[in-house]
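> task: produce atomic coordinates for the following.
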Amino acid sequence: MIYIFLAEGFEEVEALAPLDILRRAGIEVETVSITDNQVVVGSHNVPVLADRILPAVDFDDAEMIVLPGGLPGSTNLDACEDLRAGIKELYDAGKPLAAICAAPMVYGHMGLLKGLKATCYPGMESNLEGATYTGALVEKDGQFITGKGPAAAFEFGYAIAEHFLGKEKVQPLRDGMIYSELA
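Numbering: from 1, shown residues only. From the prediction side, this is the model:
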């Protein structure tokens, strides 16, 4: 199971585009509210009904954690101790972790990006503690997939799908969503 964590003020496109892509690819994925409410309001005032709330998550079942960016969403994720404990559990187990926009700050503040290449929203680089900022739309290094920002949401979603299914199985999805015509 892939869990996409939602905090008040999350960037809607960075959560919902990867969610849509992963579900189209047939990958099991759920959204998780870190609040006590299943409805989480994004940074552009779009309410989203999460599949579950954080206390109902068993991190032993997680294959990956995905963190959408946005502010104050990313800082709210960063402040969530239960989420940070789950991230550490997956990290220690060698499982993949993904974040986009401002959200790579969570991994950076935890010291998990040291010695790796990563990307994030411009101006947030100082939060990638110990990482080399590349500025790429999507960066994959070690256990991590990081994305630059809202415009990278589709490529970020495809990169996650490719991690689990391989590039050749995701290409028909790119084609079917007319994404390949952008290149």
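
> quick check, G147 in contact with A102.
No. The criterion here is CB atoms under 8 Å, and G147 misses it with A102 at 10.7 Å. C-beta: built from backbone N, CA, C; applies to glycine.

> ranges for the helices of this protein?
For the chain, the helices defined by DSSP state H cover 12-24, 73-78, 81-92, 104-109, 153-165, 167-176.

> tell me the mean pLDDT over the second one?
Per-residue pLDDT values across helix 73-78 average out to 98.

> got the contact list for that helix?
Outside of helix 73-78, the residues within contact range by CB atoms under 8 Å, 6 or more residues apart in numbering are 5-11, 34, 42-43, 67, 83-84, 101-103, 105-106, 109.

> if we can go back for a sec, redo the helices of the chain as CSV? Include mean neighbour count and distance to E129.
As requested, the helices of the chain are exported to CSV (neighbours: other CB atoms under 10 Å; distance: least, CB to CB, whole Å):
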stretch, mean neighbour count, distance to E129
helix 12-24, 22, 21
helix 73-78, 24, 12
helix 81-92, 15, 14
helix 104-109, 26, 4
helix 153-165, 23, 21
helix 167-176, 14, 31
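
> could you dump those helices to TSV with distance to L54?
Output for these, formatted as TSV (distance: least, CB to CB, whole Å):
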stretch	distance to L54
helix 12-24	15
helix 73-78	11
helix 81-92	6
helix 104-109	14
helix 153-165	20
helix 167-176	29
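
> for D61, which of those is the nearest?
D61 lies closest, by CB to CB, to one member of the helices of the chain: helix 81-92, at 10.7 Å.

> put the alpha carbons of the closest one into PDB.
Output of helix 81-92 as PDB, limited to C-alpha atoms (Å, rounded to 0.1, in the frame of the first residue of the first chain):
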ATOM      1  CA  GLU A  81       5.500  13.200  15.200                       C
ATOM      2  CA  ASP A  82       3.400  10.100  14.300                       C
ATOM      3  CA  LEU A  83       4.100  10.600  10.600                       C
ATOM      4  CA  ARG A  84       7.800  11.200  11.300                       C
ATOM      5  CA  ALA A  85       7.900   7.900  13.300                       C
ATOM      6  CA  GLY A  86       6.300   6.100  10.300                       C
ATOM      7  CA  ILE A  87       8.800   7.700   7.900                       C
ATOM      8  CA  LYS A  88      11.700   6.500  10.000                       C
ATOM      9  CA  GLU A  89      10.200   3.000  10.100                       C
ATOM     10  CA  LEU A  90      10.100   2.800   6.300                       C
ATOM     11  CA  TYR A  91      13.500   4.400   5.900                       C
ATOM     12  CA  ASP A  92      15.100   1.900   8.300                       C
END
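
> can you start the count at 315 instead of 1 from here on
In the new numbering, first residue 315, that becomes helix 395-406.

> who has more neighbours, G461 and A416?
Taking other CB atoms under 10 Å, G461 and A416 do not tie; G461 has more neighbours (34 against 27).
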